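Chemist: no FASTA, just this:
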């Protein structure tokens with residue numbers, strides 16, 4: 001039993017009790033209740049486990065009305081497959097929604113099922129299969145199934161052995177053709193800075209570059225200084241290989257020429273690579289002062305998409 005006096009008036013406002021019951025089959029049942037100073041139930045959780053702990057049910061009444069609002073069951077089968085099912089209930093105890101995650105013994109295969117409307121039919125089913133490649137890279141294939149059991153869409157994500165490159169491909173209609181490919185690469189420089197480049201192409205990827213049906217859709221490059229205080233981000237929003245905007249963010253520490261810690265932005269609005277306007281924005285973190293000005297008065301710094 002634990003008691004809490006939140007306002008210091010000498011009266012315990014909340015009292016929490018946990019009671020454990022040993023079942024005849026070797027299992028346990030632990031009931032945890034929170035009540036206010038008048039003895040009114042605020043919430044209750046009942047956790048029931050079998051003797052080997054591989055079958056656990058947790059029922060939660062979050063508002064103390066005596067009706068379970070959520071029930072979570074965890075079952076570990078003899079082959080090591082773990083299944084976690086979460087059911088959300090209405091005020092009368094009827095099923096509102098249910099989700100289930102089934103994970104293989106080695107953790108490389110996961111099935112996720114969702115019943116969004118509580119009709120006990122899973123509308124959304126996804127399967128995630130992870131393959132450990134011989135070169136040290138890891139590939140995860142995600143498949144989205146329709147309610148009739150057919151595959152609706154497929155996505156592959158491959159992470160290199162050093163974790164510095166991630167390649168993602170998306171077949172959105174399971175036609176066998178890749179509609180989008182995203183390549184994210186991080187380069188660690190000798191001075192401690194790092195540059196992360198993310199490119200999205202239409203079509204597939206042959207491992208050496210975009211396929212012939214793969215024009216560049218967009219690109220972003222983020223460079224972070226070695227002290228992690230300066231970030232420079234450049235954007236090519238339409239894939240024309242010309243910068244559309246550059247954003248620089250500088251963190252100033254307390255005592256570094258400023259009385260308060262500040263964050264400073266400098267954004268360059270570009271048109272075909274030529275500067276059209278520049279915004280400098282200073283934010284005093286502790287003083288909650290936010291100043292912003294454009295060098296080119298013809299451009300509104302507060303316009304959506306500027307920062």
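Modeler: Received the coordinates, thanks. Keep in mind that this is a model prediction, so the values were computed, not measured.

Chemist: so where's this structure uncertain?
Modeler: For the chain, the stretches with pLDDT under 70 are 204-214, 251-307.

Chemist: what strands flank the helix or strand hosting residue 185, and is each parallel or antiparallel?
Modeler: Using DSSP states H and E, residue 185 maps to strand 180-188. Strand pairing for strand 180-188, using DSSP bridges, gives strand 165-171 (antiparallel), strand 194-202 (antiparallel).

Chemist: for the helix or strand where residue 152 lies, packing partners?
Modeler: Per DSSP H and E, residue 152 falls inside strand 151-159. If contacts are counted by 3 or more Cβ pairs under 8 Å, 6 or more residues apart in numbering; DSSP states H and E, strand 151-159 sits against strand 138-145, strand 165-171. Glycine gets a C-beta too; all of them are placed from N, C-alpha and C.

Chemist: need the strands paired with strand 180-188 in a markdown table (columns: mean neighbour count and distance to residue 100).
Modeler: Shown next, in a markdown table, are the strands paired with strand 180-188 (neighbours: other Cβ atoms under 10 Å; distance: least, Cβ to Cβ, whole Å):
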| stretch | mean neighbour count | distance to residue 100 |
| --- | --- | --- |
| strand 165-171 | 18 | 25 |
| strand 194-202 | 17 | 33 |
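
Chemist: a markdown table for the ones you listed, including distance to residue 141?
Modeler: Shown next, in a markdown table, are the strands paired with strand 180-188 (distance: least, Cβ to Cβ, whole Å):
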| stretch | distance to residue 141 |
| --- | --- |
| strand 165-171 | 10 |
| strand 194-202 | 19 |
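
Chemist: ok, which of those strands comes nearest residue 85?
Modeler: In terms of Cβ to Cβ, the element of those nearest to residue 85 is strand 165-171, at 29.2 Å.

Chemist: quick one: contacts of the closest one?
Modeler: With Cβ atoms under 8 Å, 6 or more residues apart in numbering as the test, strand 165-171 has contacts from 153-160, 177-186, 204-205.

Chemist: contacts only, for residue 108.
Modeler: Shown in contact with residue 108 (Cβ under 8 Å, 6+ apart): 129, 130, 131, 132.

Chemist: among those residues, which ones are in strands?
Modeler: Mapping the contacts of residue 108 onto strands (DSSP state E) picks out 129, 130, 131, 132.

Chemist: ok, the first one to residue 154 distance?
Modeler: In other words, residue 129. Between residue 129 and residue 154 the computed distance is 11 Å (Cβ to Cβ, to the nearest Å).
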